[in-house]
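>>> the sequence isn't on hand, but the structure is:
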C-alpha cells in the first residue's frame, strides 16, 4: 500500500503530537506514513519518510485564500501527494476549511458529486457509531445534494463500520413526513423517490430528530452543513459540560475520590466511547481520494486512530464504492 | 393575583400528575391555580377551582386544525381564560404546536411582534441558565424576526433569571462575523445595527457556536426554530445517552453500587441541574400574555416548577416589559 500523507504541521499540538502519532501507527499497526511539513520541525521521527513543505496554513486562516496562496504548505502538498500517486490518502488535524479546499483543489470531486460533505461518526450505545453528514462543509445546501450525502454516508457506514444495510434518515423537527422547513420537505420528497436499495443497499427511514443522533433509529443522518455543525457542536458541548460537572463531583472529597476510583474500570471505557479522539476524525466524502479530518486538538492517540481510519478506507476501496453509488443513484 | 389557567388534560401523564402538581403548587407556594378540563377526570383536586372544557387535543394532533375545530378543548379554554381576564397566565404540558396555536389565536400577538418564539432555558455551570430561542415555533424565519427574538429573550433573561445586562449571541458555525449561511450573515448585519442598550439594556456579542449553548459566552442565543429545535433535542439526546451509560456503570456490580451511593450527595444536585424538569419548561414569547409550555413528559414536580415560572413572570410584569422592548427595538 502507498503511504498515507500526514500533515505534520496541522493541529493545536503540531508537530509533536502528530509525529508521535505517526511513529506509533507505523510501529504498532505497520501503517506506512509519509510526513509532510518542515523537516527541521519534524525531527527524526524514527526514520519515517518526510515530504518537504516550507509553508504552514494557520488554524484560523481564511481557507480559500490561504490554499491558493500557500502552494508549498503542508496541507496542499498532502493533497497533491494523493493526486500524484505518491500517497494513498491524506490526514490532517489542521484548519478544517483549508483541508477541504486543498482536497477539492488538488484531488477534485468524484464524477457526478455536486458537493463533498463531512461525515462525522457519533458514538451510541450497543452498536457502531451513527454517521452524521454534512457536519459543516456546506453552510447552505440544495435538496439534491442531501440525497447524494445519503448515498455516500451509506457507503461510508458499510466500508467503515460494516453496517450491511444502513438506514438513512433526514434530520428534521418532527417524525412525520410533513414536518420541518420547506427545504426539508422538498428534500424528503426527493429522498422518498430515490432507489436506495439499488444504488447503495440502504433504506430510507424518513425524518429523524436531534435526539435520534445518539439513538438506534438510523445509521446515517443527512442534513445541511449549518444544521449538522450546530448539532455536532451542541452535543460535544453538552457532553463536555456534563463530564466536567461529574469530575468536580468525583473530586469533592476524599470519600468521593475513593468511590470514583472504584468506578473507574467501568467509567474508562465509557469515557473512551464518548471521546472525540476515539473515532479518528471525520471523512470528507465526495473528493476523489481518501481525506480524513482529525480534530484540531488531536493528541498522538487521535492521530493513530485517524491513520487507522484512512488505512481501512483505502483497503476497503471506499472511493471506488462511493463512485459506483453516485453513478447508480 | 388572578389564578393561572392550567391545562389539566395535556401531557403524557395527564390528568393525574398535572393535578398533583397543581395541588402542591397551591399548598406549598400559595399559587392560585384554575384547573381547565373535564371535571370527572380531574376529580377533587383539594378544592381547586375547575373551568369545564369537554374536549381534549391529542398530543399528536395536527395543531392548526385541532385548535380551530375543538373550541371547547382544555387548551383553547386556557388561552381564552387569559384573554377574558379570568386567568393571569396559562400553563400546558400538552401538544406544543396546539399550545402555540391556542395562545396565538385567543391572546393574539404583542403589538409589533412579527412572530412569537419559544424560549428554552439551558442549564450551565456556575450561573443562571442560558436562554435559547426560537426552540421550534418557526421552522423558517426572516432575519428581522431574529432581532425581535433577541430583544424578547433579553427581557425574559432579566425578568426570569435576573440577568441585569444580558449578552445576546447569534448561533452560527464560526465566531467571525462572516461565518455561516447567507441567512445568518444577513441576520448578523441587522443585529449589529440594532440599539440593544437603548431598547432592552442588552449587548450583542456576535456569533456563537453550538458548544457555547452550555457555556458563558452569551446569556441569550437566537436562531431559527429549525436549528434551535435540532440543537435542543441533540443536547437532550446526548445528555440522556451519557446518563444512561453512567447508570449502567453504577449498577455493574455490588462494589460499583456502593461507590455510586457514596457519590450520590454530589450527583443528585447535578442530576437536578441537567434535568429538563427543573426549569419549568419553555415560554412562548411574543403573545399578549404569559404562556408556559411544559415538557410533554411532565411529572407533578415539573408542573409545580412551570406554575412557579408563570407566577414569577406575571409578578415581574414580563409582558409589559416585552411590549416596551419591541416598541423601542
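Noted; the coordinates are in hand. Everything numeric in this text was worked out from a predicted model, so none of it was measured. Numbers count the residues shown, from 1 in each chain, chains lettered A, B, ... in the order given.

>>> show me what contacts the spatially most central residue of chain A?
For chain A, the residue sitting closest to the mean C-alpha position, by Cα atoms, centre = their mean, is residue A:282 at 0.5 Å. If you count contacts by Cβ atoms under 8 Å, 6 or more residues apart in numbering or on different chains, residue A:282 has them with A:118-121, A:135, A:292-293. No exception for glycine: its C-beta is placed from N, CA and C like everyone else's.

>>> what of residue A:195?
For residue A:195, counting by Cβ under 8 Å, 6+ apart, the contacting residues are A:328-329.

>>> so what's the residue nearest to the centre of chain A bridging to?
residue A:293 (DSSP bridges).

>>> tell me the pLDDT at it?
Here, the pLDDT recorded for residue A:282 equals 93.

>>> tell me what the longest helix that chain A contains is packed against?
Ranked by residue count under DSSP state H, the longest helix found in chain A is helix A:225-250. Contact analysis of helix A:225-250 by 3 or more Cβ pairs under 8 Å, 6 or more residues apart in numbering or on different chains; DSSP states H and E lists strand A:117-122, strand A:130-133, strand A:167-171, helix A:254-274, helix B:225-250, helix B:254-274 as its packing neighbours.

>>> next SSE downstream of the third one?
Right, the one you point to is strand A:167-171. Moving toward the C-terminus from strand A:167-171, the next helix or strand (DSSP states H and E) is helix A:182-192.

>>> tell me, how many residues neighbour residue A:107?
21 (other Cβ atoms under 10 Å in any protein chain shown).

>>> what of residue A:29?
Counted by other Cβ under 10 Å, the residues lying close to residue A:29 total 11.

>>> what about it, distance to chain B?
When distances are taken as Cβ to the nearest Cβ, to the nearest Å, residue A:29 and chain B turn out to be 28 Å apart.

>>> excluding residues flanking it in the chain, which one is nearest that residue?
In this structure, residue A:29 finds its nearest non-sequential neighbour in residue A:308, 6.2 Å apart by Cβ to Cβ, 6 or more residues apart in numbering or on different chains.

>>> and the pLDDT at that neighbour?
Here the pLDDT value assigned to residue A:308 is 96.

>>> for residue A:223, same thing?
What the model reports for residue A:223 is a pLDDT of 98.

>>> so what's it up against?
Counting by Cβ under 8 Å, 6+ apart, residue A:223 touches A:132-134, A:146, A:170-171, A:231, B:230.

>>> now do it against residue B:114, distance only.
Applying Cβ to Cβ, to the nearest Å, one obtains 26 Å for the distance of residue A:223 from residue B:114.

>>> one more: residue A:85?
57 Å.

>>> near chain B, which residues of the stretch 51-200 of chain A?
Where the stretch 51-200 of chain A comes near chain B, counting by Cβ under 8 Å from any Cβ of the partner chain, the residues are A:124-125, A:136, A:139-140, A:171-173, A:180-184.

>>> which of the helices or strands spans residue A:205?
Secondary structure here is read from DSSP H and E; on that basis residue A:205 sits in strand A:203-208.

>>> any low-confidence regions in chain A?
Within chain A, the ranges that satisfy pLDDT under 70 run A:276-280.

>>> contacting residues for residue A:226?
Neighbour list for residue A:226: A:136, A:139-140, B:172-173, B:180-181, B:184, B:227 [criterion: Cβ under 8 Å, 6+ apart].

>>> can I get the residues you listed in CSV including distance to residue A:49?
CSV is the format used below for the contacts of residue A:226 (distance: Cβ to Cβ, whole Å):
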residue, distance to residue A:49
A:136, 32
A:139, 37
A:140, 41
B:172, 41
B:173, 36
B:180, 40
B:181, 42
B:184, 44
B:227, 45
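
>>> quick check: PyMOL command selecting the buried ones in those residues.
Selection of the buried residues among the contacts of residue A:226 in PyMOL, burial being defined by 16 or more other Cβ atoms under 10 Å in any protein chain shown:
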select buried, (chain A and resi 136+139) or (chain B and resi 172+173+180+181+184+227)
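
>>> now, which of the contacts of residue A:226 sits nearest residue B:14?
Residue B:14 lies nearest to residue B:227 out of the contacts of residue A:226, by Cβ to Cβ, at 30.2 Å.

>>> the closest one reaches residue B:171, doesn't it?
Yes: judged on Cβ atoms under 8 Å, residue B:227 makes contact with residue B:171 at a distance of 6.3 Å.

>>> so what sits against both of the two?
With Cβ under 8 Å, 6+ apart as the test, residue B:227 and residue B:171 both reach residue A:230.

>>> I figured residue A:329 hits residue A:149, correct?
No: under the criterion of Cβ under 8 Å, residue A:329 lies out of contact with residue A:149, with a separation of 10.7 Å.

>>> of these two, which one has the most company?
Here residue A:329 and residue A:149 are set side by side on neighbour count (other Cβ under 10 Å), and the busier one is residue A:149, at 36 against 18.

>>> what strand or helix carries that one?
Take DSSP H and E as the rule and residue A:149 turns out to sit in helix A:143-161.

>>> starting at the chain centroid, how far to that helix?
13 Å (Cα atoms, centre = their mean, to the nearest Å).

>>> which residues touch residue A:90?
Each residue near residue A:90 by Cβ under 8 Å, 6+ apart is listed here: A:4-7, A:78-79, A:81-82, A:103, A:289-292, A:310.

>>> again, only using 10 Å
Listed by Cβ atoms under 10 Å, 6 or more residues apart in numbering or on different chains, the contact partners of residue A:90 are A:4-7, A:34, A:36, A:75, A:77-83, A:99, A:102-103, A:106-107, A:284, A:287, A:289-293, A:310.
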